[in-house]
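Visitor: let me see the structure of the following:
(chains A, B and C)
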Amino acid sequence: MAYESVDKLQNALGEQVFHYTQDKKKAAGRALGTMVEIITYYLLKSWGFNNSTSIERGLVEYGNEEISHNVEYSLHPIIKDYEVIILNDGNSITSTKILNALKQITDISKFEKKTNNLLDKHNILRNACTIAESIDTFLLTSFKSFGQVDHKLYIFEQFQKPYAMFECKRVGVEEGTLKGPQTIEKAKQGAYVAKAASSLQKIRTDNGEKYGIIYRSDNQPYIKPYVELMEEIIYSSDSELLKKFILTVGVVSNHGNWFTAENQNKELKVLAQSYDWLIFLTDYGLAQFIDDLIFNPAPEYICVQQDFKNSYSANKKRNVFTKVRMDLDADMALLKYFTENLSRIEKWFNVIAPETKSLDDLKNEITELRSKNWRGIL
DNA sequence: AAAGTTACGTCACGTTCTTA
DNA sequence: TAAGAACGTGACGTAACTTT
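Guide: Residues are numbered from 1 along each chain as shown, chains lettered A, B, ... in the order given. So this is what the prediction gives:
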């Protein structure tokens, strides 16, 4: 690999790409944050969660609906699915067009239309495209197949209430310092949301053990060691326990000194005890992604490099390399890259919490949650 | 002095409103 | 319908400040 640390890589990006900004390191850091988001999202897609995943939805706090937080990715129960065909007229695929097609096969009067385009006329895909909302559900659409004459689309009705959420965070090293970061505020912000979202709440015993508490519908508290209780909820079919449970997952990226096995920084400790799961994208993983797709792409991935370059230049119009807006070719290239390298990519992550678990366990837990009979539960 | 906290500037994205 | 402005939220890095 060309760079021995992500910090070096960030500075190189600053010089090569973000020279037009006022603070090139900061801008490069922001772009690296976008990469962490994209890696996480395409990992979820590769795990088969494409059609369950929403982006930046407002999530209300458990028991306190007046406060909501935009969460990066939330996984929602699918309750109905449809397929429609849209003529390929070369123009954008608007929610109006999709809803008009859907109207032919089902009653959509309870929905309020959104104005999102699944694809715009410059072939920019909108990931997790919401086309309409009702009180407790919404409609999310995606491509089933592309055609010269027409496209086949999926439409999924899903519950507003998710069963899992993911947040991505990255913090860099300050120039001139060996230790960092100084800012724990971001970690606290993430920790607050993680602690406020789910019905499974965290408490400490007097001995410092982490316990969970969850209320049943008769208002009786149910208290047990945290991970034990969490597993009990995930693998149960008890609607009282599952109803407002949200598995919270944090994804943080290394900056070279957050994480050594024996010495975690305060920031990391705060996050590790606040999310149900904290997974760690290593320097190595982030650098591999950037090297394989942006610095030294194989021929089939050059479009990714191009879209990245086009997205970050002094005279760019709109970014086409984000979790939501992604050039269609880059999307397909990313899916190919993740599918073909999935086991290698999964090794980019370390599991910080729960201590004894693996990434496979996480996949199993969200798969288990997806499989619940949510219509009966909610 | 070092460690920790707060404030702030810049960049970015999503939504809604406005304009054409 | 499309593009852009305005606004709200969040991300990231670091200067300035406070506490130990």
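
Visitor: next up, the contacts around A:P225.
Guide: A:E209, A:K210, A:Y211, A:G212 (CB atoms under 8 Å, 6 or more residues apart in numbering). All C-beta atoms are positioned from the backbone trio N, CA, C, and that covers glycine.

Visitor: these two touch, right, the second one and A:Q273?
Guide: Yes - applying CB atoms under 8 Å as the test, A:K210 and A:Q273 come out as touching, 6.7 Å apart.

Visitor: which one of the two has more residues nearby?
Guide: A:Q273 (17 against 14; other CB atoms under 10 Å).

Visitor: picking that back up, most neighbours out of the contacts of A:P225, which is it?
Guide: Neighbour counts for the contacts of A:P225 peak at A:G212, which has 22 neighbours (criterion: other CB under 10 Å).

Visitor: got phi/psi on the residue nearest to A:N64 when sequence neighbours are not counted?
Guide: Nearest non-adjacent residue to A:N64, counting by CB to CB, 6 or more residues apart in numbering: A:A196, 7.2 Å away. Backbone geometry at A:A196, expressed as degrees, to the nearest 10, gives phi -100, psi -10.

Visitor: three-state assignment of A:F156?
Guide: Here A:F156 is recorded as strand under DSSP: H, G, I helix; E, B strand; the rest coil.

Visitor: please name the nearest non-neighbouring residue to the residue nearest to the spatial centre of chain A.
Guide: Central residue of chain A (CA atoms, centre = their mean): A:Y73, 3.6 Å from the mean position. Nearest non-adjacent residue to A:Y73, counting by CB to CB, 6+ apart: A:F166, 4.1 Å away.

Visitor: quick one on the thing from earlier: is the helix or strand in which the residue nearest to the centre of chain A is found in proximity to DNA strand B?
Guide: Following DSSP states H and E, the helix or strand that holds A:Y73 is strand A:64-75. No - Strand A:64-75 stays clear of DNA strand B (CB under 7 Å from any atom of the strand), getting no nearer than 7.6 Å.

Visitor: one step back: among the contacts of A:P225, which one sits closest to A:F280?
Guide: Lowest distance from A:F280 to the contacts of A:P225 (CB to CB) belongs to A:K210, with 19.1 Å.

Visitor: now that closest one. Nearest residue, chain neighbours left out?
Guide: A:Y226 (4.4 Å).

Visitor: what about that neighbour, neighbour count?
Guide: Residues contacting A:Y226 under the criterion other CB under 10 Å number 22.

Visitor: got it, and the one 4 residues further on?
Guide: For A:M230, the neighbour count with other CB under 10 Å is 21.

Visitor: swap in A:I108?
Guide: A:I108: 19 surrounding residues under other CB under 10 Å.

Visitor: next one: phi and psi at it?
Guide: Torsion angles, degrees, to the nearest 10, at A:I108: phi -120, psi 20.

Visitor: surely it touches A:L102?
Guide: Yes - A:I108 is within contact range of A:L102, at 5.8 Å (criterion: CB under 8 Å).
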